[in-house]
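> Sharing a model prediction with you, sequence too.
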Amino acid sequence: MNATDPTRYLPVDGLTGVMLGRAWLPAGLAGPVAGPSPVWLTHDGVYDLSAIAPTMAELLADQPLARLREAADLPRIASVAELITNSVGPDPDAERPRLLAPVDLHAIKGCGVTFACSLLERLIEERAAGQPARAAEIRKQLGTTLGTGFGDVVPGSAQAEELRERLMEAGMWSQYLEVGIGPFAEVFTKAQPLSAVGLGQAVGINPVSEWNNPEPELVLVVDPAGNIVGATLGNDVNLRDLEGRSALLLGRAKDNNAACSIGPFIRLLDESFTLNDVRAEEIRLEIVGAQDGFRLSDKSRMSEISRDVADLVAQTINESHQYPDGLVLFTGTLFAPTQDRGEAGMGFTHKPGDFVRISSDHIGTLENEVSYCDRIEPWDFGIAALMRNLARRGVL
């Protein structure tokens, strides 16, 4: 990771918008003991917000822009450059603040099969039964059979129902086509509250997997009333072989130690960053292999998504399902890397030491090194630990 230019992790318009994060503060800055706090990144520095909201969930629950504009006498903890540098450098200084994932008590949810390209790849995983060597042949067969027109089908429409019936007659119906073009989006639990890692931390792949990839996604930040209040970036690490064997292995494929990164910051919606900007955002991916020098880069546009982001939120939080602490929602990805890495026909899979960079103009750059889940420091700071910590610091 390159810590020499901290501004590379910021949006292209710098700190024009309202940029929020969470930081681990050392004792003294945090109070009698070290602990996490919501922070505000500004041109004048980084400010601790725990005096107005001890958790990010509380801060974002009710008119966060108004609360920030009314805030006064907030303690400054570092410059923006100092905070970022200590978060992405190889040896963070424990006596200085460092970034965490910018969410805490929020439910971490994900949507799948929201782009036509990813739908095709999910079908390939299913038919390959988790065997990457079969993927290339199946990809060709499905492309010939389905063509490209299915990518223009509006999920839940009459046209989608006609395609469903045609595919059933051909014996090609699938659970992935059901959520890809059917009326109901796939919404799943990606990770537990507080378990996501942030900028500069290692992201994990389960060592049982031999076929996996990053899933760079735009992540919506949603308040308890179902309003989209901001956005960030995320890596919904995917174990293609496990999920391909059976959809019932989705939990094992998705929810593992450090298998979810979010960040680097949350950008609140305001006049400089609107919901239409979210809908038009371009997400970029870069993978750099430390072991073999492998490089892969690509990009996708949120404008190509099959379901509008507002519809994804409405299908997640509604009269049938509430989230009193709010939620973050991964919106799905267009990426499913197929470039061979090594043996021909085996496609892409991660190697330990890979660097994954996910970026967009309005949000910044999220960067993580890949390791195995069982080699990353175990997650041991959950909700009970957070409550005890906030009580000891006197901010509850």
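Perfect, thanks for sending it.
> The closest residue in space to Arg22 that isn't next to it in sequence: neighbouring residues, count only.
Excluding the flanking residues, the one nearest Arg22 by C-beta to C-beta, 6 or more residues apart in numbering is Leu100, at 4.5 Å. From N, CA and C alone the C-beta is placed, and that goes for glycine too. Neighbourhood size, Leu100 [other C-beta atoms under 10 Å]: 26.
> Likewise for the one 3 residues further on?
Here the number of neighbours of Val103 (other C-beta under 10 Å) works out to 31.
> just checking, it touches Ala57?
Yes: at 7.5 Å, Val103 and Ala57 qualify as touching, with contact defined as C-beta atoms under 8 Å.
> Okay, domains of the protein per the record?
Annotated domains of the chain cover 6-102+385-393, 107-116+183-379, 117-181 [automatic domain parsing].
> Adding mean pLDDT as columns, could you present the ones you listed in JSON lines?
Below are the domains of the chain laid out as JSON lines (pLDDT from 0 to 100):
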{"stretch": "domain 6-102+385-393", "mean pLDDT": "96"}
{"stretch": "domain 107-116+183-379", "mean pLDDT": "94"}
{"stretch": "domain 117-181", "mean pLDDT": "72"}
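> Distance check, the residue nearest to Arg22 against Pro26.
The gap separating Leu100 from Pro26 is 13 Å, by C-beta to C-beta, to the nearest Å.
> For the stretch 1-150 of the chain, which segments count as helices?
For the stretch 1-150 of the chain, helices defined by DSSP state H, counting those that start in this stretch occupy the ranges 56-61, 64-70, 80-88, 116-128, 135-146.
> so which of those helices gets nearest Leu334?
Ranking the helices of the stretch 1-150 of the chain by proximity to Leu334 (C-beta to C-beta) places helix 116-128 first, at 5.2 Å.
> and among the helices of the stretch 1-150 of the chain, the most buried is which?
Most buried of these by mean neighbour count (mean count of other C-beta atoms under 10 Å) is helix 56-61; its value is a mean of 24.
> Does that one pack against any helices or strands, and if so which?
Contact analysis of helix 56-61 by 3 or more C-beta pairs under 8 Å, 6 or more residues apart in numbering; DSSP states H and E lists strand 19-25 as its packing neighbours.
> count of neighbours near the closest residue to Met346 other than its chain neighbours?
Nearest residue to Met346 in three dimensions, chain neighbours excluded: Pro132, at 5.2 Å (C-beta to C-beta, 6+ apart). Residues lying near Pro132 (other C-beta under 10 Å) number 23.
> do the same with Ala336
Look at Ala336: counted by other C-beta under 10 Å, it has 23 neighbours.
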